[in-house]
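> show me how the following folds:
(chains A and B)
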Amino acid sequence: MDQLDYTIHQPARLQIMSALCQLTESERVDFTYLKDRLGLTDGNLGAHLATLEARGYIAVDKEFVARRPKTFVAVTPAGRQAFAAHVAALQLLLAPK
Amino acid sequence: MIEYSVMNISVEEAEKALREIEASRLAMRSAIRSHRGHLFLWLWGFIWIAMSVLYWIDAHRFQMASLAICVAGIVGSFAIGIRQNRQIRSRIDRRFAAVCVVLLVFGYGVWPVFFGGLTSYKAAYGYCSLLWMQVYIVAGIWFDTYLLWVGLAVTALILAGFLLFPVLFWVITILCGAVLVGTGFYIRYFWQ
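Reported below is the predicted structural model:
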């Protein structure tokens, strides 16, 4: 049976995972863009991304674009699976007994 | 690591979480929609239509004029790319780039020589279109399904025009441009 996942269930991380799971498997999103979309601060988003990265749910790549450092974030297959299981567990709670 | 069991949260909290997930999903889908390439589809769809109309108006100047239009299209594509400064990117996939290069090198360099050249504007136009549609199909398999459908639809139209309805070939190429433009509108306004 699918279990609720505390790492994902925290409201900001729920938003982050929900947003990232909309990207295709080959896509990744710019840190600043994600921050603006979700209305989080640099520090807040950074901390939540670190938590999700430690669980292997997302991958964070840092690289230089036009000599400027850029951070890109993508969801991993494990992250996608965990998020789907979390949503299924939430839906199970609402299912008529 | 702490994990909630199903019993640890209330039904209300579960409902709230699902609402938040849906809101976040819709917001991100709306953001992604503007990065899905509809501007490129509109640009090249209209170029395609313009080139077909141009052939009707003045077939003699078609070759030079179509070259100028294509160059303008390439410049326009770069301008769109720079302006969008994409914040949602596909990872650079070297295998995909290699497959596209091989397709184009063989397409432009080997097959025309192998088949003894392309003897009419119609054949050259259809041939070049099919070549680029191969790239769309590969990109569709690799990255985004809608490119696959565009590639297959245009390939089918070009082949039908060339083999079954040669009289209607240039009308059908306008339809090919319309497929690109229409897909651009679908991606921009209706894709969920």
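> show me what from chain A comes close to chain B.
Contacts of chain A with chain B, taken as CB under 8 Å from any CB of the partner chain, map to A:1, A:3-7, A:9, A:11, A:14-15, A:18-24, A:26-30, A:32-33, A:37-38, A:55, A:72, A:74, A:87, A:89-94. Backbone N, C-alpha and C define where each C-beta goes, glycine included.
> and those, which are buried?
A:3-5, A:7, A:9, A:14-15, A:18-23, A:27-30, A:33, A:37-38, A:55, A:72, A:74, A:87, A:89-90, A:93 (16 or more other CB atoms under 10 Å in any protein chain shown).
> in strands only, show me those.
A:27-30, A:72, A:74 (DSSP state E).
> confidence-wise, which of these comes last?
Lowest in pLDDT among those is A:E27, which has 83.
> separation between that one and A:L40?
20 Å (CB to CB, to the nearest Å).
> ok, B:R95 next?
For B:R95 relative to A:L40 (CB to CB), the value is 35 Å.
> who has more neighbours out of those two?
A:L40 (18 against 8; other CB atoms under 10 Å in any protein chain shown).
> before we move on, what SS does the more buried one have?
Per DSSP: H, G, I helix; E, B strand; the rest coil, the secondary structure class of A:L40 is coil.
> mind pulling up the pLDDT for it?
90.
> just list the residues touching it, thanks.
A:12, A:48 (CB atoms under 8 Å, 6 or more residues apart in numbering or on different chains).
> phi, psi for it please.
Here is the backbone geometry of A:L40 (degrees, to the nearest 10): phi -110, psi 160.
> ranges for the helices of chain A?
A:6-9, A:11-20, A:31-38, A:42-54, A:77-94 (DSSP state H).
> now the residue most central in space within chain A: closest residue in space that isn't a chain neighbour?
Note on chain A: the residue nearest the mean C-alpha position is A:M17, at 2.9 Å, using CA atoms, centre = their mean. The shortest distance from A:M17 to any non-neighbouring residue, by CB to CB, 6 or more residues apart in numbering or on different chains, is to A:F83 (4.7 Å).
> how many neighbours does that neighbour have?
For A:F83, the count of nearby residues is 22 (other CB under 10 Å).
> wait, B:L147 sits on B:G140?
Yes. B:L147 lies in contact with B:G140 (CB atoms under 8 Å); the separation is 3.7 Å.
> B:V75: which element?
helix B:62-84 (DSSP states H and E).
> quick one: buried residues of that helix?
In helix B:62-84, counting by 16+ other CB under 10 Å, buried: B:62, B:65-66, B:69, B:73, B:76.
> what comes up buried for the helix-or-strand element of chain B with minimal mean pLDDT?
Here the helix or strand of chain B ranked lowest by mean pLDDT, DSSP states H and E is helix B:111-114, holding a mean of 69. Within helix B:111-114, the residues that count as buried by 16+ other CB under 10 Å are B:P112.
> again with stretch B:124-142
B:125-140, B:142.
> just stretch B:169-186 next, same as before
B:169-170, B:172-177, B:179-184.
> which ones among these lie within helices?
Going by DSSP H, the helices hold B:169-170, B:172-177, B:179-184 from those.
> geometric centre of chain B: which residue is closest?
B:L147 (5.1 Å).
> please report how far it lies from B:L180.
Distance from B:L147 to B:L180, by CB to CB: 11 Å.
> also A:V29?
Applying CB to CB to A:V29 and B:L180 gives a distance of 26 Å.
> still on that earlier bit, filter the buried residues of stretch B:169-186 by proximity to chain A?
Okay, of the buried residues of stretch B:169-186, nothing touches chain A (CB under 8 Å from any CB).
> just put those residues in TSV and tack on pLDDT.
Converted to TSV, the buried residues of stretch B:169-186 look like this (pLDDT from 0 to 100):
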residue	pLDDT
B:F169	87
B:W170	87
B:I172	90
B:T173	89
B:I174	90
B:L175	91
B:C176	91
B:G177	91
B:V179	93
B:L180	92
B:V181	93
B:G182	93
B:T183	91
B:G184	91
